[in-house]
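1. the following block contains a protein sequence and its predicted model.
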Amino acid sequence: MTIATNVPAFCEGIQYFQESLPGFKQYGQESAIKSGQTAVASPSDKAAVYQTMLAADALRYLTLQITASKQSGHPGGFASIADTIAALVMLGHKNLITEVGHHAPGFYSNVFLDTSLEAMGINNVQDLCDRFREMHGLLGHLSGQIPGLLSPAGPLGQGQHFAMAGAKLHPGVLFPVTIGDGGLGEPYIMSSFGHFNTAFPQVTNFLPILVWNGFSQEHHSMVSTKTNEEMIAYWQGNGFAEVILVNAKDYDDTNQPGDYVNSTKFSFEARMAFTQAVLEATDKAAKSALGGKLTVLIVKQLKGSGVHKSGAQSHNLYPGDSVDKDYIVAALQERALTPEAWQLVRNNYVRANGGAAVETAVTEKEYYLADLGDIPLTEYAVGGEKQVATTAMGAIAGYVGKQDKDFIVTNADGNAASGINNINTALKIIHPTTDETYFQQPQGQVYEPLSEDACAGLAAAQALFGARTLWCSYESFAINGLPIWQTVTQAMAELRRSTPSTITLFTAGALEQGRNGWTHQRPEIENYFAGMMRNGNIFPLFPCDANSIQACYEWALSTKNKGIPITASKSPLEIRTTLEQTREGLAKGGIVLQEIDPPETPLGKESRSPQSPLNKGGKVVFAVIGDMTLIPVFAAAEQLKSQGIGSKIVSVINPRRLYRPSDVAWDSCSCEQDGDFLSDAEFSDLFDGDALLGITGGSSAMLEPVMLRSSSKRDVFAWKRGETTASAGQIMEFNGITADNFVKRAMELIG
């Protein structure tokens with residue numbers, strides 16, 4: 001090690017430099033990516049191979065130093081695939097995605113090298129270390145706010161959705177996605193690849209790259225015992241036409257034990273041979289994927305190659321694993337480059353793909369959206385014939401798909417089962433078998449894998465990448481798709497660009513699926529959304545009828561960077577509102593459906609019912625979430641009227657508007673902030689009374705904003721648990737959601 005001179009400014013903060021590097025005089029005198037070019041001329045060119053090896057060492061060095069600077073973070077997994085990431089960049093591919101959140105420091109290092117992080121004030125390595133794992137800096141896992149990175153990465157089994165969405169929207173662009181062999185145990189990954197390929201066989205420009213390093217977070221990976229032949233057969237058995245495997249052990253000249261070896265321990269010549277194999281295989285895989293073949297690249301190399309430890313022990317740094325620790329120092333010194341080599345790597349990275357990823361990645365610009373024109377709505381007469389709300393919304397979805405070729409609707413359980421078969425008739429289910437009976441054909445816009453993760457994944461990912469989507473589900477099943485939906489909505493809050501909101505339609509099956517019992521009765525999912533409302537960009541909507549749902553969807557389509565779950569019944573229900581009333585409810589949180597004033601004077605003795613010996617008047621306010629739940633509420637209002645007690649029924653359409661501004665992190669959203677909340681005066685005008693009853697067929701948590709702000713005597717009626725019943729009324733009775741119970745509790749509160 002030496003004190004370096006003429007150090008490039010971006011290298012400020014680097015701890016160690018080499019005095020010289022083997023091969024640099026022969027292969028490092030000029031950039032392998034020539035001025036004006038976007039990739040190396042040939043993957044077999046020795047200068048290109050050598051400079052790819054330098055880039056891989058630069059990535060390993062940065063990954064280890066920035067994690068050690070905070071004594072936390074995950075260097076080991078990325079280290080085993082650094083050669084391939086460097087190869088992708090040298091070949092001009094920067095639309096990079098990962099399924100592994102723990103690879104974050106490596107991906108940050110990658111976009112640092114091409115200057116992308118300068119957009120957030122990270123200009124040198126010291127900045128990189130200072131901002132790692134700090135607020136407003138580089139999160140421990142990939143998020144939506146990092147310049148040049150296409151997608152977030154947190155829970156395993158998600159990254160492939162972003163790669164497939166990007167490939168669908170951007171033909172001719174390669175979307176590599178690294179898949180950890182620890183994460184390969186997640187069932188979602190292969191099943192989602194399989195259904196997507198069946199539905200969109202022409203879309204192959206995504207490239208899974210299996211990081212086969214033998215270890216997961218704390219032990220050997222579950223696929224570590226597979227032979228090379230078994231792993232190849234596994235991918236072939238899941239529909240991959242081209243399986244390309246590079247095994248570091250084939251190039252090992254140091255007699256390392258075991259099936260997984262560390263290429264950085266090889267001799268210079270062997271490292272060159274391995275790096276060339278990776279570069280050539282990556283080039284072959286990229287061309288295969290872009291050429292119409294479903295392709296996977298598998299790179300088999302020991303976890304932790306080139307960093308402080310190997311195997312699962314390399315996965316994570318703990319307190320004490322500092323830049324001064326002997327094994328950290330030794331690893332940094334072993335990977336150190338000369339200042340000239342750092343500049344050479346920077347030059348190649350800046351030129352690759354035509355510029356920094358912050359300027360060239362597809363997600364750094366807003367995606368073109370087709371003009372929807374005037375959305376046709378059908379306004380049904382209030383009090384007229386009963387209508388199915390979901391069907392009314394389905395008609396609009398069909399219109400949207402006709403105007404926007406990129407629009408997709410996803411549903412694992414079938415649209416017909418949710419009262420939206422009109423979406424199928426309009427847009428057709430994507431299926432290799434054409435059958436008019438089932439409204440299916442190869443060229444459709446309705447995506448129906450039997451997996452909520454795959455449904456939510458493609459819908460949410462495509463929305464994040466800039467296109468319109470609609471994910472439909474029963475509320476009872478949707479929980480399996482919510483992790484990626486939540487990941488995307490958080491990323492949308494952090495984006496530096498606008499993108500269509502990710503919209504869902506959840507059929508409120510709990511009250512309608514009585515005979516199916518508790519398996520179809522899981523409205524506790526609303527707890528999830530209730531908690532997320534405080535994030536700042538989550539707006540659960542509860543239309544109260546077929547007119548209301550149309551206004552809700554119309555509004556949702558006009559929004560950006562939000563997560564909007566719409567929950568409604570698939571049963572024919574009474575029309576209680578006009579379109580304009582719901583538009584008011586979307587702005588104010590709720591609307592008054594009915595108000596009955598108490599009599600000005602107490603009723604005479606002869607008018608009192610036996611159940612109301614003390615008839616003192618007063619007014620009960622009902623804050624109601626949902627549509628079916630309004631039925632017992634209106635019945636309760638009539639009973640109260642007969643008792644000489646007034647009532648007001650408020651349909652809570654948009655509960656997020658009912659919070660106080662300080663309750664919600666709306667101002668932390670970097671794009672499309674929404675700080676509209678109902679004022680105290682307006683809240684009082686809507687909900688003040690002698691007693692307040694919150695009513696919902698779902699989670700009581702959704703009524704929190706009303707209960708927080710009200711000063712009235714109040715109580716809540718909500719879902720408790722499921723049961724097999726013959727009707728919606730019976731399941732509501734089982735949960736105490738009845739008119740008699742409302743009246744009884746109202747009388748107790750009024751006193």
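-> Sure, I can see it.
2. centroid-nearest residue for this protein?
-> The chain has residue 488 as the residue nearest its centroid, 2.5 Å off, counting by CA atoms, centre = their mean.
3. right, and that one touches residue 152 too?
-> Yes: assessed by CB atoms under 8 Å, residue 488 is found in contact with residue 152 at 7.3 Å. For every residue, glycine as well, the C-beta is placed using N, CA and C.
4. need the contact list for the spatially closest residue to residue 518 that is not a sequence neighbour.
-> The shortest distance from residue 518 to any non-neighbouring residue, by CB to CB, 6 or more residues apart in numbering, is to residue 722 (3.1 Å). Counting by CB atoms under 8 Å, 6 or more residues apart in numbering, residue 722 makes contact with 510, 517-522, 731.
5. tell me how many other residues surround residue 24.
-> Neighbour count of residue 24, defined by other CB atoms under 10 Å: 18.
6. repeat for residue 135
-> For residue 135, the neighbour count with other CB under 10 Å is 6.
7. so is it in a helix, a strand, or just coil?
-> Secondary structure, DSSP: H, G, I helix; E, B strand; the rest coil: residue 135 is coil.
8. against residue 402, how distant is it?
-> Counting by CB to CB, to the nearest Å, the gap from residue 135 to residue 402 is 45 Å.
9. same thing with residue 729?
-> Distance of residue 729 to residue 402, given as CB to CB: 39 Å.
10. do the same with residue 162
-> 27 Å.
11. how about residue 395?
-> For residue 395, the distance to residue 402 - CB to CB - is 11 Å.
12. of those two, who's got more company?
-> Using other CB under 10 Å, the more surrounded residue of residue 395 and residue 402 is residue 395, with 17 against 14.
13. my guess is the more buried one is in a strand, correct?
-> No: counting by three-state DSSP, residue 395 falls outside a strand, being helix.
14. burial measure for the residue nearest to it when sequence neighbours are not counted, as a count.
-> For residue 395, ignoring the flanking residues on the chain, the nearest one in space by CB to CB, 6+ apart is residue 422 at 5.6 Å. Using other CB under 10 Å, residue 422 has 21 neighbouring residues.
15. what strand or helix carries residue 422?
-> Following DSSP states H and E, one finds residue 422 within helix 421-427.
16. you'd agree residue 147 is up against residue 115?
-> No: Residue 147 is beyond contact range of residue 115, at 9.4 Å (criterion: CB under 8 Å).
17. shared neighbours, these two?
-> Shared contacts of residue 147 and residue 115 (CB under 8 Å, 6+ apart): residue 358.
18. so which elements touch the longest helix along the chain?
-> Counting residues, the longest helix found in the chain (DSSP state H) is helix 46-70. Other helices and strands packing on helix 46-70, by 3 or more CB pairs under 8 Å, 6 or more residues apart in numbering; DSSP states H and E, are helix 24-27, helix 76-79, helix 82-90, helix 104-113, helix 125-131, helix 268-290, helix 326-335, helix 339-351.
19. of all those helices, which lies closest to residue 167?
-> Among the helices and strands packed on helix 46-70, helix 268-290 comes nearest to residue 167, with 8.5 Å by CB to CB.
20. and the closest one with helix 46-70, angle?
-> Taking axes from the mean of the first three to the mean of the last three CA atoms, to 10 degrees, one finds that helix 268-290 is oriented at 90 degrees with respect to helix 46-70.
21. using the three-state scheme, assign the nearest residue in space to residue 676 that is not next to it in sequence.
-> Spatial nearest neighbour of residue 676, excluding adjacent residues (CB to CB, 6+ apart): residue 657 at 6.5 Å. Under three-state DSSP, residue 657 falls in the helix class.
22. residue contacts, residue 657?
-> Residue 657 sits next to 586-589, 676-678 when contact means CB under 8 Å, 6+ apart.
23. now the buried members of those residues.
-> 586, 588-589, 677-678 (16 or more other CB atoms under 10 Å).
24. and residue 549, how far is that from residue 263?
-> 58 Å.
25. helices - which of the contacts of residue 657 land there?
-> 586-588.
26. how close does the nearest residue to residue 51 once chain neighbours are set aside sit to residue 91?
-> If the residues on either side of it in the chain are set aside, residue 51 comes closest to residue 32, at 4.5 Å by CB to CB, 6+ apart. Per CB to CB, residue 32 is found 11 Å from residue 91.
27. got it, and residue 309?
-> Going from residue 309 to residue 91 by CB to CB gives 30 Å.
28. higher neighbour count, those two?
-> Applying other CB under 10 Å to residue 309 and residue 91 shows that residue 91 carries more neighbours, namely 23 against 17.
29. surely the more buried one touches residue 282?
-> Yes: judged on CB under 8 Å, residue 91 makes contact with residue 282 at a distance of 6.2 Å.
30. shared neighbours, these two?
-> Common neighbours of residue 91 and residue 282, counting by CB under 8 Å, 6+ apart, are residue 43.
31. dump the residue contacts of residue 487.
-> Residues near residue 487 by CB under 8 Å, 6+ apart: 152, 154-155, 158, 460.
32. could you dump those to CSV with distance to residue 473, neighbour count and secondary structure?
-> Converted to CSV, those look like this (distance: CB to CB, whole Å; neighbours: other CB atoms under 10 Å; DSSP: H, G, I helix; E, B strand; the rest coil):
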residue, distance to residue 473, neighbour count, secondary structure
152, 22, 28, coil
154, 21, 21, coil
155, 19, 17, coil
158, 17, 31, coil
460, 12, 31, helix
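33. by pLDDT, give me the weakest of the residues you listed.
-> For these, the weakest pLDDT value sits at residue 154, with 76.
34. quick one: it and residue 491, what's the gap?
-> Using CB to CB, we find residue 154 at a distance of 10 Å from residue 491.
35. mind listing what the closest residue to residue 190 other than its chain neighbours touches?
-> The shortest distance from residue 190 to any non-neighbouring residue, by CB to CB, 6+ apart, is to residue 238 (4.9 Å). Residues near residue 238 by CB under 8 Å, 6+ apart: 190, 193-194.
36. how about residue 6?
-> residue 339.
37. for residue 12, same thing?
-> Applying CB under 8 Å, 6+ apart to residue 12 gives the contacts 124-126.
38. got a PyMOL select line for the buried ones in those residues?
-> A single PyMOL command selects the buried members of the contacts of residue 12 (16+ other CB under 10 Å):
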select buried, resi 124+125
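39. what secondary structure does residue 322 sit in?
-> Classification of residue 322 by three-state DSSP places it in coil.
40. what's the burial count for it?
-> 13.
41. next one: residue 281
-> Neighbours of residue 281 (other CB under 10 Å): 19.
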